[in-house]
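**Student:** quick one: sequence and predicted model below, then my questions.
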Amino acid sequence: AQSVTQLGSHVSVSEGALVLLRCNYSSSVPPYLFWYVQYPNQGLQLLLKYTSAATLVKGINGFEAEFKKSETSFHLTKPSAHMSDAAEYFCAVSVNFGNEKLTFGTGTRLTIIP
Amino acid sequence: GAGVSQTPSNKVTEKGKYVELRCDPISGHTALYWYRQSLGQGPEFLIYFQGTGAADDSGLPNDRFFAVRPEGSVSTLKIQRTERGDSAVYLCASSLGVTGELFFGEGSRLTVL
C-alpha cells in the first residue's frame, strides 16, 4: 500500500517570498506523484505530475517539484509567491499510471501575506 | 459541458434517509471516479468506472454505498440508510485514462442530521 504525508497543515508566506510545501511518500513500487490545488469554491486542479521521465517537474503557475527517491520526497516550490496562490494544496500518489486511483495527503492550506 | 458537473451542490438529509448524488463527466472521458473528502482530510477513493463497469470498488466503506454508470457517461452515487458519519463532500472526477490527470467537479456537500 502507498501513503503520503504532508508536513504542515497551514503555511503562511509573504508575497514575493519562496513557497515550499512538503510531501513525503511511501510506496513499495515506483510511484507516480501528483500535486493538486483547490482554490476556494472550485474543484481540485492538477498542478503537476511525476511519471518517472524527469525528476524535476514543472507545472502551471510557476510551480515545480523535485522527485528525490533517496528522501522519498516530492516537495512543491515556487520562487516568488503571489496573492493568487492562496489555496489548499494536496500531494497524491498512485502506483498505476493511467488508473488514477490516487492516495491523497491531508492537504496544506497556503496563505499569502501582503 | 466544459467541466465535470455534480448535483446537488448541497444536500441536507436526516439520518436513515436515502440519498442520490449525480455526476456528469467531461464528454469523451471513459474513466470516472468517486472520492469522499471529510473535514480536514484529503480526498479518499471510493470507486472507479471504466466505461459502464465498476473496475474497482474497493473504497466503498460498506454495502450502504452503491454507484452506477449505466450508459458509460453520467454516474449516480447512492447511499442508503444514511448515518451522521456519512457527512462529507463527495467528489467526482473523470479522465481519459492515459494522461494521469483527473478532472474534478466542485463536489456535493452532504450533511446528515
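**Tutor:** Structure's in. What do you need? Numbers count the residues shown, from 1 in each chain, chains lettered A, B, ... in the order given.
**Student:** burial count for residue A:44?
**Tutor:** Burial of residue A:44 is recorded as 29 neighbouring residues (other Cβ atoms under 10 Å in any protein chain shown). C-betas here are computed from N, CA, C, even on glycine.
**Student:** so how far is residue B:50 from it?
**Tutor:** For residue A:44, the distance to residue B:50 equals 21 Å [Cβ to Cβ, to the nearest Å].
**Student:** residues near the closest residue to residue A:49 other than its chain neighbours, how many?
**Tutor:** Setting aside the residues directly before and after it, residue A:49 is nearest to residue A:34 in space (Cβ to Cβ, 6 or more residues apart in numbering or on different chains), at 4.8 Å. Residue A:34 is flanked by 29 other residues according to other Cβ under 10 Å.
**Student:** now name the helix or strand holding residue A:106.
**Tutor:** Under DSSP states H and E, no helix or strand contains residue A:106.
**Student:** so which residue is smack in the middle of the chain?
**Tutor:** Unless you meant another one, I'm taking chain A. residue A:35 (3.4 Å; Cα atoms, centre = their mean).
**Student:** um, chain B though
**Tutor:** residue B:34 (3.5 Å).
**Student:** which ones are touching the residue nearest to residue A:49?
**Tutor:** Residue A:34 makes contact with A:46, A:47, A:48, A:49, A:50, A:91, A:92, A:93, A:94, A:102, B:100 under the criterion Cβ atoms under 8 Å, 6 or more residues apart in numbering or on different chains.
**Student:** isn't the fourth one up against residue B:100?
**Tutor:** Read that as residue A:49. Yes - using Cβ atoms under 8 Å as the test, residue A:49 is close enough to residue B:100 to be in contact (5.2 Å).
**Student:** joint contacts of the two?
**Tutor:** Jointly contacting residue A:49 and residue B:100 under the rule Cβ under 8 Å, 6+ apart are A:32, A:34.
**Student:** looking at chain B, which residue is nearest chain A?
**Tutor:** residue B:42 (3.2 Å; Cβ to the nearest Cβ).
**Student:** hang on, that residue in a helix?
**Tutor:** No - secondary structure of residue B:42 (DSSP: H, G, I helix; E, B strand; the rest coil): coil, not part of a helix.
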